[in-house]
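K.L.:
3D model of this:
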Amino acid sequence: MKLKSSVVSIAPEVDTFLGCGPTESVTGDSAADLEANLLLIKSGGSQVLIISLDALYPGARLRSDLIEGLKGLVSDEGLFLSSSHTHNAPMLDESKPLLGSVVESHYLMVARKIIAASKTLLTDGGWASVELKQASYQLNGVASRRRQAPRLLRALSIFSEEAMMLPNPKEVSSTEAEVLLFSEGDKTLATLLVGACHPVSTLERSTLSADYVGRIREFCREEIAHNNAMTFVFLQGASGEVRPNAISRRPSTLKPRDILFSALIGKTFGKFDSNSLEEWSIKRCREFQDAATHAVPSADTSISVARAVLPLEEFFEHPGPQKRFVSVHAVRLGTLTFLGISAEPTWEFAQALVWEKMKGAQLSIVGCIDDTWGYLASRNQCRLGGYEVSGYLKPFSLAEHKTSSETSERIEAACLALLAEL
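P.N.:
Predicted coordinates for the structure are as follows:
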């Protein structure tokens, strides 16, 4: 297996707006820890360029611009474009204005930098022959944010759907993460991590931050690779209903409504303070370090890629004349296959696909690729309703065309068909 890699700063130099953040602009900071990490891997006659951005979503426009800018150098299936889903980075996806406005000059800077770095990787020499090592581990300290509403509140019509956005640690208290290490002798040249947890643990929503992803990345470079320039690709897993377990027992304010609400439903999500955030982050870093230390060489170093698209109009109505697509993108590196879906798949959806349909195959589901259109819930979650089933439609500029369960079943079938091609 051969490898080339690159790290590009995509911190904003101008005032910008955060994805899923405040409506006020945020001051640009070229020193912020926001990156694009690029990994070009080749084995035999196959290769894949994996790009991971510190952003909420990549967006349809960015993928289109990259494919056009790299025409003749990379195939459509050979470009895997993803984001870490940090909420504290500038918005790049213009199709979701309610989640954040795109500042054109920043977007163009990001696109130009990634195209330039990709061209260098795709055209220059300097391939490194690497050993592939692999490990799996449990990413702890997470909680499902879907909990069934108390019957009393449903009976009083305070909530019309059964599932509320409340802590449910019993449903999900850990997610499985995958680590790939690319080493040349004793030197780690690049790392790929697939982990499922919403990056919503920063203290301030109005700051630029790569969130816990940046913390693990920094830790890996300093403590494991001893190389501050090492490429660290993070792929956001099936985290649609999974977030850090920052949980509060107190009402958000002392208003009678909030006190009553807290008394009736119990625990709610809260914010980490600086000490608890640091403690939570260090534990995630140590979990990663333990897994990386015990990574084992993979005898299989082959590569397979496949990609398919479905018209978004078959599932949702959306504004604008532009064609948009639901994409599924499979990449097999050695014995590990990761399947990207242009949505935020829930952990329950991923588990149903991996264990019920693929019989526990070495498969990791990745979300937040390409034109991420919304949430992809399991059929059981569709029955219960809640934000991940239909509440997200307005912020994502969508109107439902098919039922949520039909959408889930159709995309699941597309995933299985694509995996059969590898």
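K.L.:
only C-alpha atoms for contact and neighbour calcs from this point on.
P.N.:
OK.
K.L.:
right, and the helix or strand after the lowest-mean-pLDDT helix or strand in the chain?
P.N.:
Ranked by mean pLDDT, DSSP states H and E, the weakest helix or strand in the chain is helix 151-155, scoring a mean of 70. On the C-terminal side of helix 151-155, the nearest following helix or strand under DSSP states H and E is strand 163-168.
K.L.:
Report the distance from the helix or strand just after that following strand to the chain centre.
P.N.:
Read in the C-terminal direction, the helix or strand following strand 163-168 is strand 174-184, with elements assigned using DSSP H and E. In this view, strand 174-184 has its centroid 15 Å away from the chain centroid, taken as Cα atoms, centre = their mean, to the nearest Å.
K.L.:
helices or strands next to strand 174-184 in the packing?
P.N.:
Counting contacts by 3 or more Cα pairs under 8 Å, 6 or more residues apart in numbering; DSSP states H and E, the secondary-structure elements packed against strand 174-184 are strand 131-140, strand 142-148, strand 187-195, helix 274-293.
K.L.:
what's the average pLDDT for the third one?
P.N.:
Here the mean pLDDT over strand 187-195 is 97, rounded to a whole number.
K.L.:
Compute the inter-axis angle for that strand and strand 131-140.
P.N.:
Between the axes of strand 187-195 and strand 131-140, defined by axes from the mean of the first three to the mean of the last three Cα atoms, to 10 degrees, the angle is 40 degrees.
K.L.:
Just the CA coordinates for strand 187-195, please, in CSV.
P.N.:
In CSV, the C-alpha atoms belonging to strand 187-195 read as follows (Å, rounded to 0.1, in the frame of the first residue of the first chain):
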residue,chain,number,x,y,z
LYS,A,187,7.1,6.5,11.9
THR,A,188,3.3,7.1,11.7
LEU,A,189,2.6,9.0,8.6
ALA,A,190,-1.2,9.2,8.8
THR,A,191,-4.1,8.2,10.9
LEU,A,192,-7.8,7.6,10.1
LEU,A,193,-10.4,7.5,12.8
VAL,A,194,-14.1,6.8,12.4
GLY,A,195,-16.0,7.8,15.6
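K.L.:
Output whatever helix or strand comes next after that strand as PDB, nothing but the C-alphas.
P.N.:
Toward the C-terminus, strand 187-195 is succeeded by helix 211-219 as the next helix or strand (DSSP H and E). Coordinates of the C-alpha atoms in helix 211-219 are reproduced here as PDB (Å, rounded to 0.1, in the frame of the first residue of the first chain):
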ATOM      1  CA  ASP A 211     -14.200  20.500  19.100                       C
ATOM      2  CA  TYR A 212     -13.100  17.200  20.600                       C
ATOM      3  CA  VAL A 213     -12.000  16.100  17.100                       C
ATOM      4  CA  GLY A 214      -9.200  18.700  17.200                       C
ATOM      5  CA  ARG A 215      -8.300  17.600  20.700                       C
ATOM      6  CA  ILE A 216      -7.800  14.000  19.700                       C
ATOM      7  CA  ARG A 217      -5.900  15.100  16.600                       C
ATOM      8  CA  GLU A 218      -3.600  17.200  18.600                       C
ATOM      9  CA  PHE A 219      -3.100  14.500  21.200                       C
END
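K.L.:
Can you pull out the residues in contact with the helix or strand following helix 211-219?
P.N.:
Moving toward the C-terminus from helix 211-219, the first helix or strand encountered (DSSP H and E) is strand 231-236. Strand 231-236 is contacted by residues 5-7, 37-39, 50-52, 82-85, 189-197, 213, 217, 366-368 when judged by Cα atoms under 8 Å, 6 or more residues apart in numbering.
K.L.:
can we see that at 7 Å?
P.N.:
Identification of contacts with strand 231-236 by Cα atoms under 7 Å, 6 or more residues apart in numbering yields 5-7, 37, 52, 82-85, 189-196, 217, 366-368.
K.L.:
Distance from the chain centre to it, please.
P.N.:
9 Å.
K.L.:
Okay, angle between it and strand 174-184 too, please.
P.N.:
Relative orientation of strand 231-236 versus strand 174-184 (the same axes, to 10 degrees): 160 degrees.
K.L.:
Neighbouring strands - and their directions - for whichever helix or strand comes after strand 231-236?
P.N.:
Later in the chain than strand 231-236, the nearest helix or strand by DSSP H and E is strand 242-244. Based on DSSP bridges, the strands next to strand 242-244 in the sheet, each with its direction, are strand 142-148 (antiparallel).
K.L.:
Give me the mean pLDDT for the partner strand.
P.N.:
Strand 142-148 comes out with an average pLDDT of 93.
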